[in-house]
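*Asks:* next come a sequence and a model predicted from it.
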Amino acid sequence: MKVLIIEDEIMAAERLGEMVRKAIPGVEVYATLDSISSAVRWFSGNESPDLAFFDIQLADGLSFEIFEQTKVGCPVIFTTAYDEYALKAFKVNSIDYLLKPIDEEELASAIKKYRELHDSKKESVIPDSNIDNVLKLLTKQYKSRFVVRVGERIRSIPVDEIQCFYSMEKANYIQTTEDRHYNIDHSLEQIEALIDPGMFFRVSRKFIVSLNAIEEIISHSNSRLRIVLTQKTEEDIIVAREKVKDFKRWLER
């Protein structure tokens, strides 16, 4: 079995290569490429591998551009640091996603999926509609500020001044890095859809925290975590047990 890896981070490429060799005995890593341009040249002059791993975000653009410039005649598993829940919606047939840092069990599951498709002789071409959907996701513009009302005045709060969003007594609030609190007319569910998932994480039903505002993370009871922000909050911020794994991944992106 021959595998191609397209990844522009040297250490990530080496790690993925080691994991693939461990997961597929006897595999040959055909080549390791680091850009759209090198991939286009490679596919134009070489026989397609059995399977390819494409990092979505490369130094010279999104790897989906490779499909626009040359024929990719093999199944592809994408790797990415983008939001887990949104990308799960695009998992179909011959296409799969692995979130960085890549987990061995998820890699094994993706390879199993490839084998099932290969053995059943299913079509390996990625539909254009799937690529278009993910491109829209990756180019989505998130809110850069929120407008709040302070008495009779209106104030605009930049997201980089927000340390958390929280819910209290059936209302929702912003807490800023200057320890100011403002009522906001959005639910936490609505806020989740408006903010950059690389910058904010919903740790529980009550809190969405900013990565830049985290001062300390402490082990808590029942395999949970307690977060301390730069500005103290009235209520302890506890990462729900079912979110701990995803939260740790988010921290490593």
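*Replies:* That came in fine, so what should we check first?

*Asks:* assign a three-state SS to residue 67, would you?
*Replies:* For residue 67, the assignment made with DSSP: H, G, I helix; E, B strand; the rest coil gives helix.

*Asks:* no no, residue 249
*Replies:* From three-state DSSP, the assignment for residue 249 is helix.

*Asks:* when you give positions from now on, start the count at 30
*Replies:* In the new count, where the first residue is 30, that last one comes out as residue 278.

*Asks:* surely it meets residue 130?
*Replies:* Yes - counting by C-beta atoms under 8 Å, residue 278 does reach residue 130; the two are 6.8 Å apart. Using the backbone N, CA and C atoms, a C-beta is placed for each residue, glycine as well.

*Asks:* ok, those two, which is more surrounded?
*Replies:* Higher neighbour count among residue 278 and residue 130: residue 278, with 16 against 13, using other C-beta atoms under 10 Å.

*Asks:* burial count for the nearest residue to residue 63 once chain neighbours are set aside?
*Replies:* Leaving out its chain neighbours, the residue that sits closest to residue 63 by C-beta to C-beta, 6 or more residues apart in numbering is residue 37, at 4.3 Å. Burial of residue 37 is recorded as 17 neighbouring residues (other C-beta under 10 Å).

*Asks:* likewise residue 40?
*Replies:* Around residue 40 there are 8 residues (other C-beta under 10 Å).

*Asks:* ok, the one 10 residues further on next?
*Replies:* Counted with other C-beta under 10 Å, the neighbours of residue 50 add up to 14.

*Asks:* and if you look at residue 244?
*Replies:* What residue 244 shows, counting by other C-beta under 10 Å, is a neighbour count of 11.

*Asks:* my read: it touches residue 255, true?
*Replies:* No - Residue 244 lies out of contact with residue 255 (C-beta under 8 Å); the separation is 11.5 Å.

*Asks:* which ones are touching residue 267?
*Replies:* Contact analysis of residue 267 by C-beta atoms under 8 Å, 6 or more residues apart in numbering lists 232-233, 249, 253-256.

*Asks:* out of the residues you listed, which sit inside helices?
*Replies:* Of the contacts of residue 267, none are assigned to helices by DSSP state H.

*Asks:* weed out the non-buried ones from those residues.
*Replies:* Buried by 16 or more other C-beta atoms under 10 Å: 232-233, 253-254, 256, out of the contacts of residue 267.

*Asks:* point to the helix or strand of the protein where mean pLDDT is at its lowest.
*Replies:* In the chain, no helix or strand scores lower on mean pLDDT, DSSP states H and E than helix 113-117, which sits at a mean of 49.

*Asks:* following element in sequence after it, please.
*Replies:* Once the chain leaves helix 113-117, the next helix or strand it forms, by DSSP states H and E, is strand 124-128.

*Asks:* work out the gap between stretch 200-217 and the centre of the chain.
*Replies:* 26 Å (C-alpha atoms, centre = their mean, to the nearest Å).

*Asks:* how about stretch 262-275?
*Replies:* Taking mean C-alpha positions (C-alpha atoms, centre = their mean), stretch 262-275 and its chain are 19 Å apart.

*Asks:* again, but for stretch 64-82
*Replies:* 24 Å.

*Asks:* and the contacts of that stretch?
*Replies:* Applying C-beta under 8 Å, 6+ apart, the set of residues contacting stretch 64-82 is 30-37, 45, 49, 59-60, 62, 83, 87-90, 92, 94-95, 98-108, 127, 140, 143, 147.

*Asks:* good, we can wrap up now.
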